[in-house]
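Colleague: sequence plus the predicted model coming up.
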Amino acid sequence: MDSKSTCVSLGKFPFDYTEEQVREIAKSVGPVLDVKLLFDELTGKSKGYAIINYGDIETAGSAVRNLNYTSLPNGRFLKCSIINDYDLNSENEETIKLPPLPLGIQIHPNQNASQVISSILTNIDSNSALQILKEIKNMSIENPKGTKLLLERFPQLSLALVELGLISNTTNHELIELTLNKKQIELKELSIDHVKLLQSVNELTNEEIEELNENQQNIIKQIKEEIEKGSYGEILVEI
């Protein structure tokens, strides 16, 4: 045990706990610098453990004293112990474990990946397509770095997800073209409700944004950046 460590291992919480739920538990003893959920390298699912960085040894020690053996609603007890300082930003491609993938399909010289993917997905119904999209969405929330690396290493999966979006009617060709080309939307192409919603987002203060969880904050910041760049058109004018 390193008495000078600012990090603790927090575990035995339910596998479906989100990072925000774990953060709330950790924050009960003091400010938290960072939280890292640990995932099973084969299944990609949570191990029910996390690394918490408090930033100072006093708060880390307090966490062990106050959180270890704390009871949870499901009858389980938390396990909390000091660990050596853990670099929460040190994770690289070599340490990220990706879920196992099925064997690929041979592409003939007169075919391209998009044609093969479209052909394979023609037998998938909209409900199945929607379920697959929900699963990748959950993975992106629970393991964003792993999802990003997965799509970077296997770009054909991105093509498949686009096809599944079309099959499930969760997107259309116009939106896909907009994303690819990043063309500016004219104000007249947005409904009044859409414009008002974007205006409301742009008017959020830093204090209001800080009250949201990390994922929500990132989304809001991205939208505000796009508004400033004019990606949605002149939504800041009076309507």
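Modeller: Structure's in. What do you need?
Colleague: can you pull up the most central residue in the protein?
Modeller: residue 141 (3.0 Å; C-alpha atoms, centre = their mean).
Colleague: just the helices in this structure please.
Modeller: For the chain, the helices defined by DSSP state H cover 19-27, 57-67, 113-121, 126-142, 144-153, 156-167, 173-181, 192-202, 206-210, 214-229.
Colleague: buried set for the fourth one?
Modeller: So the one you mean is helix 126-142. Judged by neighbour count using 16 or more other C-beta atoms under 10 Å, the buried positions of helix 126-142 are 129, 130, 132, 133, 136, 139, 140, 142. Glycine gets a C-beta too; all of them are placed from N, C-alpha and C.
Colleague: am I right that the first one is in contact with residue 168?
Modeller: Yes. With contact defined as C-beta atoms under 8 Å, residue 129 and residue 168 form a contacting pair (4.0 Å).
Colleague: so the closest residue to the residue nearest to the centre of the chain other than its chain neighbours versus residue 194, what's the distance?
Modeller: Nearest non-adjacent residue to residue 141, counting by C-beta to C-beta, 6 or more residues apart in numbering: residue 215, 6.7 Å away. Shown here: residue 215 relative to residue 194, a distance of 22 Å by C-beta to C-beta, to the nearest Å.
Colleague: with residue 177 instead?
Modeller: 18 Å.
Colleague: which one of those two is surrounded by more residues?
Modeller: Between residue 177 and residue 194, counted using other C-beta atoms under 10 Å, residue 194 has the larger neighbour count: 14 against 11.
Colleague: where does pLDDT dip in the protein?
Modeller: 1-3, 41-43, 85-107, 109, 178-191, 231-239 (pLDDT under 70).
Colleague: domain map for it?
Modeller: 7-83, 113-181, 187-229 (automatic domain parsing).
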